[in-house]
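# make a model of this:
(chains A and B)
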Amino acid sequence: MRIPGLGILKGLRQTGRNYWAPKVTNQYPESRPTMPDRWRGRLDLIYDPFGEHKCEVCFQCAQVCPVEAIDMSGFDSEGNRIRYGMQEIYDERRDPNAYRRAGLAAAPMRNAARWDEAIDSPWLRGVIDGFGGRPEALVAIFSAIQERYGYLPERALRETSETMSIHWAQVFGAAGLGGFRLLPADGHLVTVCICAACRFAGGDELLEAVRAQLGISPGETTGDGAISLETSDEVAAGALSPALRIDTLVYGPLTVEQGLHLVTERRRTGARAGARA
Amino acid sequence: MTEPTAGLGLSPQIRLLPGGELRLLADIGTLDPTSLASARQYGAYAGLKRAVGKLGPEGTIAEIAAAGLRGRGGGGYPTADKWRAARAAEGDGKVVVANLIGADPTALGDRALAEGNPHLLLEGVLLAAFATGASEAIIAVRRDWTDAIARLRGAVAEADAAHLAGYLVMGTDFSCVVSVWEGAAALVAGEETALLAALVGDRAMPVIRPPYPTERGLRALPTTVQNGETLAHAAWIARHGAKKFRAVGSQASPGTKLVSIYGRVGQPGLAEVALGTPLAAILALAGGATGSIKAVFVGGPGGGALSAAELETPYDFDTLREAGAGIGLGQLLVTNSETCMVDTARFFLDYSAREACGKAVPCRIGTKRLVETLDRILVGTPRPTDIALLRALAGKMSDTALCKLEARAPGPMLTTLDRFADEYRAHAERGECLAGACRTAPLPPLLAPLPGLEPTA
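Purely as a prediction, here's the structure:
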C-alpha cells in the first residue's frame, strides 16, 4: 500500500536526526582520520613558482607502477612530444630520436611489420625452462632472445613476464639496461664504438667518416634499408680501438679508410644477398 | 658476439704491456686457462690449502690485514675490514659475490684475469668465502665477455670435480657452491648494491646504504661484494704471504694494481704496476705520450684530470683522491695538446648521463643539465651564471648522491675547471678552442667577462 508523502517523511526524519546530532569538527592535524593502508593521498602534479608543471615527463612513475595504471604524454626538454607506450619508453627521454616514439612523421617507419613481430613461443619457453625459470637468469634469457632476434621483441618480453610470473615493469626495467636493443634494426647494424679508449684513438674521425659516407646520423637507416648506424660505448673493444662492430663482429684497430671499406663492402654484399632472396 | 679466442691467449681486445711489476699477470700466456692441472703447476690453490689447513678463517683475515690489501674497485676500502664485518654479521647463510661486471668497458683488468687465469680468481672467491663463512659464491661477469664466462664456468666445474670447490673442500667441513652469473653490460650494474639487485632479477639500481651488504645484502643475507682483482690479490697473498705482498707499493696501499692505459699513447694496453709508482713511469710502460702531454684523466668517468705538471704524483688511492681524481678501475686516459679539456669533460659527463640508471633525481637530471651547460660553453653562448651553476650543481650531486658513481660523476669536469680554466674561458667568452680541436664558429666576445673564473698562472 502506498501512502502519499511517506518518502518525504522518511527523508525529513534523516534530516532531523542529522540536525539534532552533535556536530564534530576534526582538529586536523592534531587528530587525524584513519585511512586505509594503501591510501596514498590524492595524486596531482605539482607546479613550480612560475606556474609550470614540475613533472619532467620522465616516465619513472609509469614504469614502476606495478598495475600499469599510469599513462602519460608530454614534451621533453628538447621539445619533442613523447608519450608513454610500448615503443616510446625504451631509454625514454634520453634518446634524441623521441619523434620516432611519438609516432610523428619525422622519420618514416621502415619496418613497421617488425614492431609487433611474432615470436617462437615454444622456443622461448624452452629457454626459460633451461634456466629453471629463475628470475636471476633474466639477463641470460634476454641475451638468448637478442641473439636470436637481434633485439628484444615486445611480445617476447611480455611472454617472459607471463611465463616467469614477474611483473611486466620488472622485466621491462631489467631489459632497459645493459646494451640490449629494444627496437629492430634494418639491414646490417653498424655500431661505432664511442667509449673513451676508442674516441681518443680516433673514433671521432671514424664516426664522422662513416656518417658522411652513409649520409645518415646514428640511430637512422640508409634509404635502401641496407645499413643502420648506431653508436655505443659498450663494444668493449679495449686494445682494438678505434673499433667498429658490424652486426656482432668487432673490427679494429681501424684507420678511417679501413672502416669505410668495411662498411661499403658490407653494404655491397648485403645488397646482393637481398637481391638473391 | 665475437668468435671464441683460439689457444691459450686472451681476447684480442686485451693487449698486455711488457714491464711493470707482474704478479697477477705473471703467468698469463704461459698458463693454460682451460686446465686445472696447468694452473696447479703454477701454484693454484696452494693459498687456499694454506688458509683452510693452517690459518683458519680468523688467521686468513689477519693475513689479509697484515698485507694491507685495499679494494681495487675504486673505493680503496680495507678488504680485511670488510671480511671481518661479514664474518661478524648474523645470518642463516652468507654469500660472496665477485664483481666482474667491468662497469667501464675501457677497464680491462678483470677481463684479463678471468680469461687468462680463472683459477686464481676462483681461489680468491673461495678464500673470501672461507674467511667470511659463506656457503655460496657468485661470480658476476659482464655478459659480452663470453670467453671469460666460458673459462670461469670450466674452471668452476674442474675445481668442483677435484674437491677444491663445492662441498667439503679439500676434505674439510668447509663447503662453498660457486656459480657463474652473466650480468648486464652497464656502468651502474658494477655498483655493488645495484649488482645485488640485478642478481635477484630486479633492474640494476643502487639501494641506499647503510645497511651495507656485509650486514644485509643478497636475499637479505650478509654478502661480501668484492672486485675480481681484489680477490685475485687475496689469493696471491694467501699463496705468497703478506710480507712478500708488502714488498712493493706504498706504506698505506701496498701491492700492485692493473691499469688500462689508452688515449694518446704509443701503445695502449693493460699493465700491472706497483701502487705509488709515479704516473710518468706508468705512462712510459705504454710507450709514453704521443705529442706533448696535456693531462691524464685517471679513473675514467668517476675520476679526474691531472695536468702535465703533476705527472710525478704517485699512483695511489690517497694521493689521487687528494688531487681530486680517483683510482677507479685503473683507467688512465692520456690527452695531448690537441685535446680540448672542455670537450673531454663533456664527454665523460655525457657518458655518465647516458649510463645513469635514473633512480636518483640529482644524478638523472643533474648530469643532463651539466652536459647542457657545457654545451652552451662549448659553442660560446653561455649564460653569465653558467660557471657558478656547474660548481653548484656538482656540489649538490656529490652531497645528495645515492651511489659513488653519481657522487664522482662531476669529477672530470671539476678537475679540468680548476686546472684548465683558461680553456673554459676561451670557449665561453670567445667561442674559441685553445686546443684547436672543437669545431666552433668564433663569436663576438661577450660584454662582461664571466664571473667565477680565475686566470691560471
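# tell me where chain A has strands.
Listed in chain order, the strands of chain A (DSSP state E) span A:73-75, A:81-83, A:188-193, A:227-232, A:244-246, A:249-251.
# could those strands be laid out in JSON lines, adding distance to A:Arg148 and mean neighbour count?
Every C-beta, even on glycine, is put in place using the N, C-alpha and C of the backbone. Below are the strands of chain A laid out as JSON lines (distance: least, Cβ to Cβ, whole Å; neighbours: other Cβ atoms under 10 Å in any protein chain shown):
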{"stretch": "strand A:73-75", "distance to A:Arg148": "33", "mean neighbour count": "14"}
{"stretch": "strand A:81-83", "distance to A:Arg148": "30", "mean neighbour count": "19"}
{"stretch": "strand A:188-193", "distance to A:Arg148": "15", "mean neighbour count": "24"}
{"stretch": "strand A:227-232", "distance to A:Arg148": "18", "mean neighbour count": "21"}
{"stretch": "strand A:244-246", "distance to A:Arg148": "18", "mean neighbour count": "22"}
{"stretch": "strand A:249-251", "distance to A:Arg148": "17", "mean neighbour count": "17"}
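# those: lowest mean pLDDT?
Among the strands of chain A, strand A:81-83 carries the lowest mean pLDDT, at a mean of 67.
# nearest residue to A:Ser143 in space, please, no chain neighbours.
Nearest residue to A:Ser143, sequence neighbours excluded (Cβ to Cβ, 6 or more residues apart in numbering or on different chains): B:Arg143, at 5.4 Å.
# before we move on, the earlier item: quick one: closest of the strands of chain A to chain B.
strand A:249-251 (5.6 Å; Cβ to the nearest Cβ).
# hmm, who's touching the closest one?
Contacts with strand A:249-251, where a contact means Cβ atoms under 8 Å, 6 or more residues apart in numbering or on different chains, come from A:Val235, A:Ala237, A:Leu240, A:Ala243, A:Leu244, A:Arg245, A:Gln258, A:Gly259, A:Leu262, B:Thr2, B:Gln13.
# now list the buried members of the residues you listed.
By neighbour count, with 16 or more other Cβ atoms under 10 Å in any protein chain shown, the contacts of strand A:249-251 hold A:Val235, A:Ala237, A:Leu240, A:Ala243, A:Leu244, A:Arg245, A:Gly259, A:Leu262, B:Thr2, B:Gln13 as buried.
# just give me the neighbour total for the residue of the stretch 201-350 of chain B found nearest chain A.
Taking Cβ to the nearest Cβ, chain A has its nearest neighbour within the stretch 201-350 of chain B at B:Gly201, 2.9 Å off. Using other Cβ atoms under 10 Å in any protein chain shown, B:Gly201 has 18 neighbouring residues.
# picking up where we left off before, now distance to B:Ala252 too, for the strands of chain A, in CSV please.
Formatted as CSV, the strands of chain A follow (distance: least, Cβ to Cβ, whole Å):
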stretch, distance to B:Ala252
strand A:73-75, 51
strand A:81-83, 50
strand A:188-193, 36
strand A:227-232, 38
strand A:244-246, 42
strand A:249-251, 39
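# closest residue of chain B to chain A?
Closest to chain A within chain B is B:Ala184: 2.4 Å, counting by Cβ to the nearest Cβ.
# you'd agree that residue is up against A:Gly179?
Yes - contact criterion Cβ atoms under 8 Å: B:Ala184 and A:Gly179 qualify, at 7.2 Å.
# tell me which of the two has more neighbours.
B:Ala184 (29 against 20).
# excluding its backbone neighbours, what's nearest the more buried one?
Nearest to B:Ala184 is A:Gly178, by Cβ to Cβ, 6+ apart, at 2.4 Å.
# which pLDDT value belongs to the residue in chain A that chain B sits nearest to?
Proximity to chain B, evaluated over chain A using Cβ to the nearest Cβ, is greatest for A:Gly178 at 2.4 Å. pLDDT for A:Gly178: 73.
# hang on, isn't it packed against A:Val139?
Yes - under the criterion of Cβ under 8 Å, A:Gly178 makes contact with A:Val139 at 6.6 Å.
# now for those two: what residues contact both?
Joint contacts of A:Gly178 and A:Val139 (Cβ under 8 Å, 6+ apart) are B:Arg143, B:Gly183, B:Ala184.
# looking at the residues you listed, spot the one nearest B:Arg219.
B:Gly183 (16.4 Å; Cβ to Cβ).
# in contact with that closest one, which residues?
A:Val139, A:Gly178, B:Ile101, B:Ala140, B:Val141, B:Arg142, B:Arg143, B:Ala189, B:Leu195, B:Ala198, B:Leu199, B:Ala204.
# let me see the backbone angles for the spatially most central residue of chain B.
Central residue of chain B (Cα atoms, centre = their mean): B:Leu329, 1.8 Å from the mean position. The phi and psi values for B:Leu329, taken as degrees, to the nearest 10, are phi -100, psi 20.
# pLDDT value on residue 237, please?
Going with chain A. Per-residue pLDDT puts A:Ala237 at 71.
# let's do chain B instead
B:Ile237 carries a pLDDT value of 94.
# contacts only, for it.
Counting by Cβ under 8 Å, 6+ apart, B:Ile237 touches B:Gly47, B:Glu63, B:Ile64, B:Ala67, B:Leu69, B:Phe245.
# got the contact list for the last one?
Residues in contact with B:Phe245, defined by Cβ under 8 Å, 6+ apart, are B:Ala67, B:Gly68, B:Leu69, B:His233, B:Trp236, B:Ile237, B:Pro254, B:Gly255.
# wait, a helix at the fourth one?
It stands for B:His233. Yes - the assignment for B:His233 is a helix, going by DSSP: H, G, I helix; E, B strand; the rest coil.
# now do it against B:Leu152, distance only.
Distance from B:His233 to B:Leu152, counting by Cβ to Cβ, to the nearest Å: 18 Å.
# show me the shaky parts of chain A.
Applying pLDDT under 70 to chain A flags the ranges A:1, A:66-69, A:71, A:76-77, A:81-116, A:236, A:270-277.
# tell me how it divides into domains.
Taking automatic domain parsing as the reference, chain A has its domains at A:45-101, A:117-175, A:188-276.
# and the furthest pair within the contacts of B:Ile237?
Spatial extent of these (Cβ to Cβ) is set by the pair B:Gly47 and B:Leu69 at 12.9 Å.
# returning to that earlier point: out of the contacts of B:Ile237, which sit inside strands?
Using DSSP E, no member of these falls in strands.
# out of those, who's the most crowded?
B:Ile64 (28 neighbours).
# how many residues are close by the residue nearest to it when sequence neighbours are not counted?
Residue nearest to B:Ile64 in three dimensions, not counting chain neighbours: B:Ala80, with 4.4 Å by Cβ to Cβ, 6+ apart. Counted with other Cβ under 10 Å, residues neighbouring B:Ala80 total 21.
# show me the residues around A:Gly259 that make contact.
A:Leu206, A:Ala209, A:Val210, A:Pro242, A:Leu244, A:Tyr251 are the contacts of A:Gly259 under Cβ under 8 Å, 6+ apart.
# looking at those, which is nearest B:Thr416?
The closest of the contacts of A:Gly259, once distances to B:Thr416 are taken by Cβ to Cβ, is A:Pro242, at 23.0 Å.
# the closest one and B:Tyr424, how far apart?
Look at A:Pro242 and B:Tyr424: by Cβ to Cβ, they are 27 Å apart.
# more neighbours, the two?
A:Pro242 (29 against 26).
# residues touching the more buried one, list them.
Per Cβ under 8 Å, 6+ apart, neighbours of A:Pro242: A:Cys193, A:Cys198, A:Arg199, A:Ala201, A:Gly202, A:Gly203, A:Leu206, A:Gly252, A:Pro253, A:Leu254, A:Gly259.
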